[in-house]
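Colleague: the following comprises the amino acid sequence and a computationally predicted model.
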Amino acid sequence: MGLLRFLPKSTLPRTDKTFESTMLMRRAPSPFAEGEIRLAYHGQLAKEKKDLGKDGHSMVMKSFKHLGEGVNDRDQYLKQMEVSAIAHFLAKEYNKSSFKPSHCLGINVLPVIAVEEVDEKNESSGNRRFCTEHLLPTDGSEFTKYSNNTGYWDEDSLDETLLRFTEYTYKATGGYIIVTDLQGVRKGNTYHLTDPVILCKDILRFGNTNLGEKFIKKCLDSSCEHLKENGWL
């Protein structure tokens, strides 16, 4: 258990109004899952010690798995928080837009907060900072990677909802960005997604997974082609 700082999601991105607060964290010593660039741990966050372990305080805590200069600094975690905040906002807008057909499911992108241990002892190991989010509501649903950031779609789990959402993020932002790398679970009438990637015309934004304008076009073209092939356009 340790004391940490956190940046509330409502303060994204960092501005003159950004503020920090402190809370308590308990984290499993070993990750339960591993992706291409991050490790995922079970953990809990709470303002008071007595609340650790209670319902509603369980979190997934993700850290970058690779070490090196700048890889695990605060800015990298703030970039991930910004990506999730933008994708979360666009999902909410999509759900209430006329672009979403009434028969399509809803989209929820899990919001993220970045946390940092007050004690600096884990700085060199890369385990001082984490992006944290609530657990996906799996309830037996299988976690699925539906697409990636190069235009790939899993043919076995294609869904009009996800294809249209990807296209919507491009059109709603005037082609400036597109939300890709959709992964998560379906529960009831909603897809719950985590760890999206934003491709942006500005290659300097949104971290190393932003592959730029060439791949924006690839992802958009792939989404539209799958919509047409399945008779959804």
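Modeller: Right, received. Where do you want to start?

Colleague: skipping adjacent residues, who's closest to the residue nearest the centre of the chain in space?
Modeller: Nearest to the mean C-alpha position of the chain, counting by Cα atoms, centre = their mean, stands residue 195 at 2.9 Å. Once flanking residues are discounted, residue 195 sits nearest to residue 183: 6.2 Å by Cβ to Cβ, 6 or more residues apart in numbering. Quick note: C-beta positions are derived from backbone N, CA and C, even for glycine.

Colleague: close enough to count as contact, the one you found and residue 145?
Modeller: Yes - between residue 183 and residue 145 there is a contact at 4.3 Å, judged by Cβ atoms under 8 Å.

Colleague: the two: who's more crowded?
Modeller: Neighbour comparison, residue 183 and residue 145: the larger count goes to residue 183, with 19 against 15 (by other Cβ atoms under 10 Å).

Colleague: mind checking the longest strand of this protein?
Modeller: Taking DSSP state E as the criterion, the chain has its longest strand at strand 38-46.

Colleague: what's the offset of that strand from the middle of its chain?
Modeller: 14 Å (Cα atoms, centre = their mean, to the nearest Å).

Colleague: name the helices or strands packed onto that strand?
Modeller: Where contact means 3 or more Cβ pairs under 8 Å, 6 or more residues apart in numbering; DSSP states H and E, strand 38-46 is packed against strand 21-27, strand 33-34, strand 58-64, strand 129-134.

Colleague: using TSV, lay out these together with mean pLDDT.
Modeller: Shown next, in TSV, are the helices and strands packed on strand 38-46 (pLDDT from 0 to 100):
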stretch	mean pLDDT
strand 21-27	85
strand 33-34	87
strand 58-64	91
strand 129-134	92
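
Colleague: give me phi/psi at residue 148?
Modeller: phi -130, psi -170 (degrees, to the nearest 10).

Colleague: wouldn't it be in contact with residue 180 here?
Modeller: Yes - assessed by Cβ under 8 Å, residue 148 is found in contact with residue 180 at 6.8 Å.

Colleague: so which of those two has more stuff around it?
Modeller: Neighbours per residue, other Cβ under 10 Å: of residue 148 and residue 180, the larger number sits with residue 180, 30 against 18.

Colleague: state the distance from the more buried one to residue 34.
Modeller: Plainly put, residue 180 is 21 Å away from residue 34 if you go by Cβ to Cβ, to the nearest Å.

Colleague: okay, and for the protein, where does confidence drop off?
Modeller: Filtered on pLDDT under 70, the chain yields the residue ranges 1-20, 68-71.

Colleague: for it, what's the longest helix?
Modeller: In terms of residue count, the longest helix belonging to the chain (DSSP state H) is helix 74-95.

Colleague: hmm, who's touching that helix?
Modeller: Contact with helix 74-95 is made by 7, 9, 12-14, 64, 70, 100, 106-114, 116, 129-131, 133, 164-165, 168-169, 172-173, 177, 179, 193, 195-198, 205-207, as judged by Cβ atoms under 8 Å, 6 or more residues apart in numbering.

Colleague: brilliant, that's me finished.
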